[in-house]
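Novice: Fold the following for me, if possible:
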Amino acid sequence: MPDCSPAKWHLAHTSWFFETFILESVIPEYVAFNPQFRILFNSYYQTVGEQYSRPQRGLLSRPTLDEVLKYREHVDRCMISVLEDAGTRATTAAVIELGLQHEQQHQELILTDIKHMLSLNPLRPAYSRVIGPAGEAQAQNWSRYEAGLQWIGHEGDTFAFDNEEPRHRVFIEPFELASRPVTNGEYMAFIEADGYERPDLWLSDGWYAVNDQHLRAPLYWEFRDGAWFLFTLSGLRELRPEEPVCHVSLYEADAFARWAGARLPTEAEWESAACEESIDGNFVEQGLLHPAPGAIHKDGPVQMFGDVWEWTQSAYVPYPGFNPPEGALGEYNGKFMCNQIILRGGSCATPQSHIRATYRNFFPPGARWQFSGIRLARNAK
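Specialist: Have a look, this model is predicted:
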């Protein structure tokens, strides 16, 4: 699949990031581990130079994993010398922190890419044997949020990506937010109600995708012998109705919301609700690597963080006053602010320390291989 990369490439690319943006600029007469890697492991930085074709990364039998690990060791040794230098400038420290956050993103991508590649293997191999305990879905309730002017975006001295700034005010009309993500069982009811066969529920591009790609269920669902099964990082198993549905596109999320008499939240609505919640949940540290039924019962929304990235209806556009950094790092986020949709909250594959209420993830509306799910919203009466 053109969007996925082998784990070996992710490891080499994160090493490339530190080499290209820190070591080459900080260490006088720095000697690259392999000058050819500058092209081979450049992801999309046009100002740095050429890149190897992304859809063909899976064809890279060389360099071997051993050589990539030696590349990483070389970069680590040089980075340690930079970190131990008391004269490291604040600007260098900021790029190092960006590199660490960037590596966390690729740690998550490794898991989602491995899952997709294993799903294509007829043996349905498992990456992990951990299977979370069964539970039961909480009743769906709604929390009301009154109209008002809200501050949106990151502020303070802690790390944030450039696309989370500048902080600005947004007027939000009164709305209601569902207490938990949509479950497999609820999505199954949508399928059984011929949701994939009703054009009135779908955006135009979504209806085209349904027919062109012959979509009839979320990615990794399989119907066998009268029952639904689900491929997970723990292998193929019977679908659990109480778990949050995931691996749905924006088109599927929007169609389900329309069928349910609701809609998707805007990113401003989502953030204004999430900023009141603590950042805990089912993240990669829990080791489940799969969405789990909500374990916390309380008033107000649960599972705002972890489990599944939640689609919003908001296009990925710059905040008012946004200016990307100068140079190659300005390509990190800003160049993608077109034809993408915002997701919020992190997933079961996201490091917990990586996420915050202001974090803006983004993917094309047809993307399904990420742990993307649905939380409903509706206009308040």
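Novice: switch to C-alpha atoms for all contacts and neighbour counts from now on
Specialist: Will do.
Novice: Leaving out the residues flanking it, which one is nearest to residue 377?
Specialist: Among residues not flanking residue 377 along the chain, residue 177 sits closest, at 4.5 Å (C-alpha to C-alpha, 6 or more residues apart in numbering).
Novice: Name whatever forms a beta bridge with the one you found.
Specialist: residue 143, residue 377 (DSSP bridges).
Novice: I figured it hits residue 142, correct?
Specialist: Yes: Residue 177 lies in contact with residue 142 (C-alpha atoms under 8 Å); the separation is 5.5 Å.
Novice: Those two - which one has more neighbours?
Specialist: residue 177 (25 against 18; other C-alpha atoms under 10 Å).
Novice: For residue 307, see how far away the more buried one is.
Specialist: Residue 177 sits 17 Å away from residue 307, going by C-alpha to C-alpha, to the nearest Å.
Novice: What residues of the lengthiest helix in the chain count as buried?
Specialist: Assignment by DSSP state H gives helix 90-119 as the longest helix of the chain. The neighbour-count check on helix 90-119 (16 or more other C-alpha atoms under 10 Å) flags 92, 95-96, 98-119 as buried.
Novice: and that helix, what does it pack onto?
Specialist: helix 7-18 (3 or more C-alpha pairs under 8 Å, 6 or more residues apart in numbering; DSSP states H and E).
Novice: Can you tell me what sits against the helix it packs on?
Specialist: 37-38, 41-43, 57, 65, 68-69, 71-72, 75, 79, 96, 99, 102-103, 106-107, 110, 113-114 (C-alpha atoms under 8 Å, 6 or more residues apart in numbering).
Novice: Can you tell me which helix or strand of the protein has the lowest average pLDDT?
Specialist: helix 24-26 (a mean of 92; mean pLDDT, DSSP states H and E).
Novice: and it, how far out from the chain's middle?
Specialist: Relative to its chain's centre, helix 24-26 lies at 30 Å (C-alpha atoms, centre = their mean, to the nearest Å).
Novice: contact partners of it?
Specialist: Against helix 24-26 from outside (C-alpha under 8 Å, 6+ apart): 30, 82.
Novice: After it, which helix or strand is next?
Specialist: helix 37-40 (DSSP states H and E).
Novice: Determine the set of other helices and strands touching the helix or strand just after that next one.
Specialist: Next in sequence after helix 37-40, counting helices and strands by DSSP H and E, comes helix 65-83. Using 3+ C-alpha pairs under 8 Å, 6+ apart, the elements in contact with helix 65-83 are helix 7-18.
Novice: quick one: the helix it packs on to helix 90-119, angle?
Specialist: If you take axes from the mean of the first three to the mean of the last three C-alpha atoms, to 10 degrees, helix 7-18 sits at 170 degrees to helix 90-119.
Novice: Chain neighbours aside, what residue packs nearest to residue 284?
Specialist: residue 349 (4.5 Å).
Novice: so who does that neighbour touch?
Specialist: Residue 349 neighbours (C-alpha under 8 Å, 6+ apart): 108, 111, 112, 283, 284, 289, 290, 307, 371.
Novice: The residues you listed into a markdown table, with extra columns for distance to residue 221 and pLDDT?
Specialist: Converted to a markdown table, the contacts of residue 349 look like this (distance: C-alpha to C-alpha, whole Å; pLDDT from 0 to 100):
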| residue | distance to residue 221 | pLDDT |
| --- | --- | --- |
| 108 | 21 | 98 |
| 111 | 18 | 97 |
| 112 | 16 | 98 |
| 283 | 22 | 98 |
| 284 | 22 | 97 |
| 289 | 17 | 97 |
| 290 | 14 | 97 |
| 307 | 18 | 97 |
| 371 | 13 | 98 |
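Novice: count of neighbours near residue 250?
Specialist: Neighbours around residue 250, by other C-alpha under 10 Å: 29.
Novice: Hmm, it is touching residue 311, no?
Specialist: Yes: the pair residue 250 / residue 311 is scored as a contact, 6.3 Å apart, by C-alpha under 8 Å.
Novice: overlap in contacts of these two?
Specialist: The contact lists of residue 250 and residue 311 share residue 341, where a contact means C-alpha under 8 Å, 6+ apart.
Novice: Do I have it right that residue 361 meets residue 343?
Specialist: Yes: Residue 361 lies in contact with residue 343 (C-alpha under 8 Å); the separation is 5.1 Å.
Novice: higher neighbour count, the two?
Specialist: residue 343 (27 against 18).
Novice: Quick one: classify that one as helix, strand or coil.
Specialist: Judged by DSSP: H, G, I helix; E, B strand; the rest coil, the three-state class of residue 343 is strand.
Novice: per-domain residue ranges of this structure.
Specialist: 7-119, 142-379 (automatic domain parsing).
Novice: what about those, which gets the closest to residue 128?
Specialist: domain 142-379 (4.8 Å; C-alpha to C-alpha).
Novice: End to end on the closest one, go ahead and measure it.
Specialist: Domain 142-379: ends 11 Å apart by C-alpha to C-alpha.
Novice: what does stretch 244-258 give?
Specialist: Terminal-residue distance, stretch 244-258 (C-alpha to C-alpha): 18 Å.
Novice: Buried residues in that stretch, which are they?
Specialist: Neighbour counts over stretch 244-258 (16+ other C-alpha under 10 Å) mark 244-258 as buried.
Novice: For residue 164, state which of these is nearest.
Specialist: residue 250 (21.1 Å).
Novice: Mind listing what's buried along stretch 347-356?
Specialist: Those would be 347, 348, 349, 350, 351, 352, 355, 356, for stretch 347-356 by 16+ other C-alpha under 10 Å.
Novice: Let's have the residues you listed in JSON lines, adding secondary structure.
Specialist: Output for those, formatted as JSON lines (three-state DSSP):
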{"residue": "347", "secondary structure": "coil"}
{"residue": "348", "secondary structure": "coil"}
{"residue": "349", "secondary structure": "coil"}
{"residue": "350", "secondary structure": "coil"}
{"residue": "351", "secondary structure": "coil"}
{"residue": "352", "secondary structure": "helix"}
{"residue": "355", "secondary structure": "coil"}
{"residue": "356", "secondary structure": "coil"}
